[in-house]
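>>> I'd like to go over a predicted model; first the sequence, then the structure.
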Amino acid sequence: DQQVKQNSPSLSVQEGRISILNCDYTNSMFDYFLWYKKYPAEGPTFLISISSIKDKNEDGRFTVFLNKSAKHLSLHIVPSQPGDSAVYFCAASDPFTGNQFYFGTGTSLTVIP
Amino acid sequence: EAGVAQSPRYKIIEKRQSVAFWCNPISGHATLYWYQQILGQGPKLLIQFQNNGVVDDSQLPKDRFSAERLKGVDSTLKIQPAKLEDSAVYLCASSSTGDTQYFGPGTRLTVL
């Protein structure tokens, strides 16, 4: 039972353009959402988060958008850089299970120089 | 500030053998998590500790997996006996507030 889904396994983008990574969830009780970035042979690294009381959060080149009615969030990277090439996981936190995180399956982003 | 430490980084064993993984969380982080990440999937929570108590172990296969965090700091995850399907990366994470989890580099287990 996959409560968090990332339907695009991979994405390729030209350097300097916008990367948009998408994530859908099924549990309306999730109240906190995060994006993690993972390089090969390393653990996931926290990138950006958003609370369910907001619909947008920005941090430099990274912006996360949350659409609660559609149960959808997206990560925008502008401009994309070759160093952004990694696997991106979205995660959602359920306050009713001790803030357990549910992860999506990841999207592999390749930024082409 | 030192990050989450895990060892070993890689382990190859044969099925039915036992294996143990060690994790040292970020200093002061009360909550510690063990995740299993199978190739092509996202991390799946196995067990969550708050200090030295278990908060959630509902997805831990208790017939073969065990974990402890005796002094509320570092933790050990054990598999005995291992099966082929246990081949995965085992990630440890810690958190101070519960909002954000910080991950270690993981241990890649291969069961032959």
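Here it is on my side, so go on.

>>> so A:Val4 makes contact with B:Gly42?
Yes: using CB atoms under 8 Å, A:Val4 is in contact with B:Gly42, at 7.3 Å. Backbone N, C-alpha and C define where each C-beta goes, glycine included.

>>> any weak-confidence spans in chain B?
For chain B, applying pLDDT under 70 flags the ranges B:1.

>>> what does it put close to chain A?
Proximity of chain B to chain A (CB under 8 Å from any CB of the partner chain) is limited to residues B:4, B:6, B:33, B:40-45, B:48, B:50, B:55-56, B:91, B:93, B:98-106.

>>> report the buried members of the residues you listed.
B:4, B:6, B:33, B:42-43, B:45, B:48, B:50, B:55-56, B:91, B:93, B:98, B:100-106 (16 or more other CB atoms under 10 Å in any protein chain shown).

>>> among those, which ones are in strands?
Of those, the ones assigned to strands by DSSP state E are B:Gln6, B:Tyr33, B:Leu45, B:Gln48, B:Gln50, B:Val55, B:Asp56, B:Leu91, B:Ala93, B:Tyr102, B:Phe103.

>>> one step back: hey, what's in contact with both of A:Val4 and B:Gly42?
A:Ala91, A:Phe103, A:Gly104 (CB atoms under 8 Å, 6 or more residues apart in numbering or on different chains).

>>> need those residues in a markdown table (columns: pLDDT and neighbour count).
Converted to a markdown table, the shared contacts of A:Val4 and B:Gly42 look like this (pLDDT from 0 to 100; neighbours: other CB atoms under 10 Å in any protein chain shown):
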| residue | pLDDT | neighbour count |
| --- | --- | --- |
| A:Ala91 | 95 | 25 |
| A:Phe103 | 95 | 24 |
| A:Gly104 | 95 | 26 |
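
>>> now flag whichever of those residues is closest to chain B.
A:Phe103 (3.2 Å; CB to the nearest CB).

>>> hmm, back to that, from the shared contacts of A:Val4 and B:Gly42, which land in strands?
Under the assignment DSSP E, the shared contacts of A:Val4 and B:Gly42 contribute A:Ala91, A:Phe103 to strands.

>>> out of the shared contacts of A:Val4 and B:Gly42, which touch chain B?
A:Ala91, A:Phe103, A:Gly104.

>>> and the end-to-end length of stretch A:3-14?
31 Å (CA to CA, to the nearest Å).

>>> count of neighbours near A:Asn67?
11 (other CB atoms under 10 Å in any protein chain shown).

>>> what's near enough to touch it?
Contacts of A:Asn67 (CB under 8 Å, 6+ apart): A:Asp55, A:Leu73.

>>> how much space separates it from A:Ser51?
Counting by CB to CB, to the nearest Å, the separation of A:Asn67 from A:Ser51 is 14 Å.

>>> try B:Gly104
The spacing between B:Gly104 and A:Ser51, counted by CB to CB, is 26 Å.
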